[in-house]
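Undergrad: turn this into a model:
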Amino acid sequence: MTCWDILQERCELFLESAAYVQCDRRQQLLIIHHPSMKNLPASSASSILSGSDHGSVVSRLTTISVGTFIPIQLERIQYIQRADGSSAGRSARNYDANNHQQGQTNRNRQQPKLLEIFYCEDRARSEYLYKNVLIQLRKSDEELDKWINALYEVMHESKNLNEAAKRNRWLLREYEKLRNSRGGLTFDSINGWLNSHLGLFGEKSNVEKLMKQDELFRQSNEITDTLFNTIYYFFVKKQQDILTKMLMSDIVDDGHVVLEKFASRVTNNRRDTTAQELYRIKDTLHLEPGDSYISPLQSFNYLWSDANSAFDPVSRTTCIDDLDQPLNRYWISSSHNTYLAKTQLFNPSSIHCYIQALLKGCRCIEIDVFDPRTGKEPEITHKGTRIKPIPLRGVLEAIIDYAFITSEYPVIISIENHCSPLQRSVMARMFIEIFGDSLIQAPLSPNELELPSPNKLKRKIILKDSKMSALLLSPQSSVEADEQSDISTSRLEGHVQLYNASKKNWVNYNYTAEKDNIYLAQVYDLQKIEKSYEDMSDDEPVDVEKDDSKDGFIQIWYHGNISHEQARRLFLENAGYEVGTFLIRRSQNKNCYCLTYLAPSSAVKSIEIQETITADGECLYSLADRTFDSIPDLVAAYRTYNFADAKSESNESNSIRLGRPVPRPKWYQELKSKKWYQPDLTRRQAEELLREIGEEMTFLIRKSSNRDRQDYSLSVYYNGGIRHSPIYTDGTDLMLQSKTFTSLVEIVDYYSHKPVFNGLTLQAPAKSYEEFLREREQNGTHGTNKHIIFQPLEAAISLQADQFRIRNIDGNSVKSTIQVELLTNDEDKTKPHGYLMKFDSAKECQVFATRRGLIMPPESPPLGPNPSRSKNNAISNESARMYLADYDKLIIYCQGVKLKDRDIARAQDLLEKIKGFAEMVSLNRTKGATFCSDIRSMLQFNLNHFTRIYPDFNKQSWNSRNFDPMAYWVSGCQMVALNVQMPDHPMHLNAGRFAANGGSGYILMPDYIRSFDHLKPEIHTVSMLLKIRIIAVRHLRSDQVKSISKVYIRTSIDTGSKRKQAENQSLLTTIYGPCGVWDSKKSPPKQNDQLLAQYSLQSHNKDVDILSFEVVTDNEEFCGQSTIPLSCLRSGFRFCLFVQQLFQDIFLGIRSVQLYDKFNERLDLSALLVDINFQTSKASLAIG
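TA: Next comes the predicted model:
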């Protein structure tokens, strides 16, 4: 049997009937089906299918949708864990059941086998940790081994499809999502899909035309996946036609593209690279040797493919650097506080953070180790915080399981050690026991004068820590622990609730008050988070809620309680109505809904809609042998599919499809009466009005004339700014964010209950502009509005005592609520920004308000896991020396040096006081910046030593935001440790840097660093002028909204140079829609379409600077990003740097830029098409 044969068979879940796991080969999905959960209590269901974090104190139970399939995309499965009831999970690859179960007799018994699958979804992630599901399979160990191995094989196959196969798979999945959604495949759902995925609107007529041309649809009244593909490619061809005229109009011959000319055009007519490009095109498109033409579709398939990536595919997939040089001559992918899933104060820690970092190619990870609170073995946590500990043993087992899957080059474990001598000895035994031969326990050779190379250290683990003197009689912290700020004293912790003005609810926070600062971190209900994340989908239409209070609907086609005769008169009043025109009414004679429509015979007919109440109390609606969950679903379906016309007197019936709705009388008067409808306001007036009100999610709708078919704009006050969302017309319908509506009233009603963006719903309508003008005239130009403007609530909030004041607004004796008002620098202080806070008790509120955040409680015990040592725990001096020696002998190549122990205060001191090549320093970011300002000394020191830079822990960095790593890389610092769990720009730069050299985690540093000569006053540099044009974008997705009307592509060069950034260091390109093409009429070329990158510390062809792309909507919503080291811009770039000329043009040609989400996960099919070329010139730079 093949791997697919094994996985396509149903694998039953243990002890549950009709529950199974199965692979869908067409869609390449792993599907978990559990219908029996429908009648189970929640606790029972979660015990069968859950997402517990084995080895972590924090449990992350996944609540599974009841009675449904759980589809997991095979290419997005990250790793699989095996587990039993007694131990933490271990990698399912090469899992040894004998080590985790008692005896061999159970090997073939069909006992429950726990399998935990970790995966990410095909949409923007909001959390660092992958989603997970835990299942119990009914298989013997041998059967399960075969099943797991087969799963790994198909995962590999799914991740390595060619471009055409990826696109076809994606289309099939999108088709199935629409087909299985509540409303099903209709004109409205397909039109909404085209809007959200291609940026098209008003195309319903074209969709109808294409469907009518399909013979199978005419015969079967069914939309097949083939028809869906035809619709997609019809609109994609429009983009291709535009691009063909723009790029290839002169190389198309009789509808075909001349292959050789195409290769020349891709490389910007460079003869020396055309032949190589031609070979790559034929290989990618699987052409025959004699083929000389390709279709336009094939040409664009290649342009968008990874084979045409601007990031050199060879560098991304292959180790091309020399890996035989000493270890300190490489930049090393490094992580700080690897155990954290979020910030450094309150958020969860997890063993899985280590697994994710290692799978991403991280080669230096950090463990903060403490004596155990309970048990006998050390724990990992963060000093002086509420981070709950995780067992060191579980972390070490995860490291050995996953250390060398992505890269076989050495892993360095940076240890922040707070353990006693006894526990250090325990640690040493654990390292040797778990890592075995992989652990470096002695120098590779006895007479080493420099560090070994990565090749010599393949599949080895190196421990980094400071050695303790044998004379030490008390536990000492490691070098980084000594550098860290100890905030465990002079602090107060507690619980508080903050008022969320946008959602009108209270949100739980934990706070830590320390010195002059207060830190707040949101407390998450993890089960609710997983439930909402599981149920949330940007791909599926959100259900339309019925307005039961009106016994009907607010759609324009609903006419309420009228008779058939009254409905007939409405049709007769307008002779222009076409066949299929319809309305929905409530029958006066029968207590039911009726569909009234204009039949082909020009007669007005009515059909009763049958209503059925299910056993669960849900109401279903039936018409023409089809059943629907709601009347809007029924209408949408029969505006797409035909149904049998009611029989006439001749007893003949025809097929008919619903068309335009008959609007109910006075619908326009209803609209005009709405307070939020202010059609005559300009954009400027709307922004002025909403800013004056200043209340979150206040909104209005106004007319708009900015774009074709955009009749209205929804303007909303959000997070201190104004967001404008376009409302398009599509025939008689309206479209907002890929969803179709019949009226503005329906839009407002819908988004008052459902999120319009960022999980927020519309709140109060704005007052009229005339009322605003009257109040401003009465109150003066500045106004006298005294209410507070609530700050938007973030996951982490930092307050400084000298920047806020406290006012009691509760008014009762217990004083259970207070208001904190932030002072602003604005002249208008009448509307302070602030928070409304509610405490658990009056006492807590009293302390907080009285001390104004300067909280120094008496007898406040330290929070860190440093229990006081009793006499019973005391050990002799000789035992302490022995324990420390056991541990110290494992610190071989990365021996940390404490700066204060050797009186090191500046970079020059490093050269004078650190001599051994195995000795190294660790500097926090602030101290590192001071040392690196003496760049000559740092370059000289790093020739023979390691330097590790890590984030500060203070009021600016407690939320784990990263610093810019560029300046430290320029200075030759090898380990620039970042918080890999944070989705910020520094981590994007880090991901781009270490995507090179095959993702090995080791990048050979530029020659100027490796061969730095402190006697020379200058460093040779290469000045580079880059010309870039963004041609088109493809399949962008926003993590906040479904519909994208306009995007900005920010292109910049990140550099570690001290020189001030030039004005032309970045550019901004505007493109309309998520699959748009640059329009020179709408976006005229500007003078700043050139980027100047000053390679101030570089020579030859090895670079430091990084080219960055970021794509956002016009409302600043993230759509994707990509970072490319300039040294990795295709192979042609390197060729030209060797040309012995003062000035040289370098043409890279038309390339694709693949996009990634904030956590650097690939966004399938999302890409930019760019035209790039460089100009370089030699230069030199004096450094002081």
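
Undergrad: now do the SS call for the residue nearest to Arg25 when sequence neighbours are not counted.
TA: Spatial nearest neighbour of Arg25, chain neighbours left out: Trp4 (5.3 Å); criterion: C-beta to C-beta, 6 or more residues apart in numbering. All C-beta spots, glycine's among them, are computed from the backbone N, C-alpha and C. Here Trp4 is recorded as helix under DSSP: H, G, I helix; E, B strand; the rest coil.

Undergrad: tell me if I'm right that Trp4 and Gln28 touch.
TA: No: here Trp4 does not reach Gln28: they are 9.7 Å apart, not a contact under C-beta atoms under 8 Å.

Undergrad: between these two, which one's more packed in?
TA: Taking neighbours as other C-beta atoms under 10 Å, Trp4 and Gln28 compare with Gln28 leading, 22 against 15.

Undergrad: identify the residues contacting the more buried one.
TA: Gln73, Leu74, Glu75, Val154, Ser158, Arg169 (C-beta atoms under 8 Å, 6 or more residues apart in numbering).

Undergrad: does Pro661 really touch Phe582, like I thought?
TA: Yes: the pair Pro661 / Phe582 is scored as a contact, 6.1 Å apart, by C-beta under 8 Å.

Undergrad: overlap in contacts of the two?
TA: Contacts common to Pro661 and Phe582, judged by C-beta under 8 Å, 6+ apart, are Trp557.

Undergrad: the closest residue in space to Glu116 that isn't next to it in sequence sits in which helix or strand?
TA: Using C-beta to C-beta, 6+ apart and skipping residues adjacent in sequence, the residue nearest Glu116 is Gln81, 4.2 Å away. Following DSSP states H and E, one finds Gln81 within strand 77-83.

Undergrad: partner strands of that strand, parallel or antiparallel?
TA: strand 90-91 (antiparallel), strand 112-119 (antiparallel) (DSSP bridges).

Undergrad: residues in contact with it?
TA: Residues contacting strand 77-83 (C-beta under 8 Å, 6+ apart): 30, 54, 89-93, 95, 97, 100, 113-120, 130, 134, 148, 151-152, 155, 355-356, 359, 402.

Undergrad: now do stretch 238-252
TA: Outside of stretch 238-252, the residues within contact range by C-beta under 8 Å, 6+ apart are 257-258, 261-262, 265, 296-297, 299-300, 1031-1032, 1075-1077, 1150, 1169.

Undergrad: run the chain-centre distance for the top helix by length along the chain.
TA: For the chain, the longest helix by residue count, based on DSSP state H, is helix 225-247. Centroid separation between helix 225-247 and its chain, computed with C-alpha atoms, centre = their mean, to the nearest Å, is 28 Å.

Undergrad: so Ile415 sits against Val369, correct?
TA: Yes: with contact defined as C-beta under 8 Å, Ile415 reaches Val369; the gap is 6.2 Å.

Undergrad: what about those two, which has more around it?
TA: Ile415 (27 against 23).

Undergrad: identify the spatial nearest neighbour of the more buried one, chain neighbours not counted.
TA: Asp465 (4.2 Å).

Undergrad: burial of that neighbour, as a residue count?
TA: Based on other C-beta under 10 Å, the number of other residues close to Asp465 is 25.

Undergrad: which residues does it bridge with?
TA: Gln895.

Undergrad: list the buried ones in whichever strand or helix holds Tyr175?
TA: Here Tyr175 sits within helix 163-180, counting by DSSP H and E. Judged by neighbour count (16 or more other C-beta atoms under 10 Å), helix 163-180 contains these buried residues: 163, 166-167, 169-178.

Undergrad: what element comes up after the longest helix of the chain heading to the C-terminus?
TA: Next along from helix 225-247, by DSSP H and E: strand 252-253.

Undergrad: before we move on, the earlier item: okay if I get the buried residues of helix 163-180 as CSV plus distance to Tyr279 and pLDDT?
TA: Shown next, in CSV, are the buried residues of helix 163-180 (distance: C-beta to C-beta, whole Å; pLDDT from 0 to 100):
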residue, distance to Tyr279, pLDDT
Glu163, 17, 82
Lys166, 22, 88
Arg167, 23, 88
Arg169, 27, 91
Trp170, 28, 91
Leu171, 30, 91
Leu172, 32, 92
Arg173, 33, 90
Glu174, 34, 90
Tyr175, 36, 92
Glu176, 38, 90
Lys177, 39, 88
Leu178, 40, 89
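
Undergrad: ok, of the residues you listed, which one's closest to Tyr893?
TA: Lys166 (42.7 Å; C-beta to C-beta).

Undergrad: wait, the closest one sits on Leu1163?
TA: No: using C-beta under 8 Å, Lys166 is not in contact with Leu1163, being 12.0 Å away.

Undergrad: pLDDT-wise, which helix or strand of this structure ranks last?
TA: helix 42-48 (a mean of 31; mean pLDDT, DSSP states H and E).

Undergrad: what element comes up after it heading to the C-terminus?
TA: Next along from helix 42-48, by DSSP H and E: strand 69-73.

Undergrad: listing partners with orientation, what would you give for that following strand?
TA: strand 29-33 (antiparallel).

Undergrad: can you mark which positions in the strand it pairs with are buried?
TA: Neighbour count says strand 29-33 has Leu29, Leu30, Ile32, His33 buried, by 16+ other C-beta under 10 Å.

Undergrad: dump that strand to PDB, restricted to CA.
TA: Extracted C-alpha coordinates of strand 29-33, given in PDB (Å, rounded to 0.1, in the frame of the first residue of the first chain):
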ATOM      1  CA  LEU A  29      -6.400  17.500   4.100                       C
ATOM      2  CA  LEU A  30      -6.200  15.500   7.300                       C
ATOM      3  CA  ILE A  31      -9.800  15.400   8.400                       C
ATOM      4  CA  ILE A  32     -10.900  14.500  12.000                       C
ATOM      5  CA  HIS A  33     -14.600  13.500  12.200                       C
END
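
Undergrad: phi, psi for Met966 please.
TA: Main-chain torsions, Met966, degrees, to the nearest 10: phi -60, psi -50.

Undergrad: now the one 10 residues further on
TA: The phi and psi torsions at Val976 (degrees, to the nearest 10) take the values phi -100, psi 100.

Undergrad: ok, and the closest non-adjacent residue to it?
TA: Nearest residue to Val976, sequence neighbours excluded (C-beta to C-beta, 6+ apart): Pro965, at 4.3 Å.

Undergrad: the one you found contacts Met987, correct?
TA: No: the pair Pro965 / Met987 is not scored as a contact, 9.1 Å apart, by C-beta under 8 Å.

Undergrad: and Leu943, what does it touch?
TA: By C-beta under 8 Å, 6+ apart, Leu943 lies in contact with Asn328, Gly972, Arg1010, Phe1012.

Undergrad: CA atoms only for stretch 159-170, dumped as PDB, please.
TA: What follows is stretch 159-170, C-alpha atoms only, in PDB (Å, rounded to 0.1, in the frame of the first residue of the first chain):
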ATOM      1  CA  LYS A 159       4.900  21.000   0.900                       C
ATOM      2  CA  ASN A 160       6.700  20.500  -2.400                       C
ATOM      3  CA  LEU A 161       4.100  20.800  -5.100                       C
ATOM      4  CA  ASN A 162       4.800  22.800  -8.200                       C
ATOM      5  CA  GLU A 163       3.100  26.200  -8.600                       C
ATOM      6  CA  ALA A 164       0.200  24.900 -10.800                       C
ATOM      7  CA  ALA A 165      -0.600  22.100  -8.400                       C
ATOM      8  CA  LYS A 166      -0.600  24.500  -5.400                       C
ATOM      9  CA  ARG A 167      -3.000  26.800  -7.200                       C
ATOM     10  CA  ASN A 168      -5.400  24.000  -8.200                       C
ATOM     11  CA  ARG A 169      -5.300  22.600  -4.600                       C
ATOM     12  CA  TRP A 170      -6.100  26.100  -3.300                       C
END
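
Undergrad: how close does Lys915 sit to Lys383?
TA: Distance of Lys915 to Lys383, computed by C-beta to C-beta, to the nearest Å: 31 Å.
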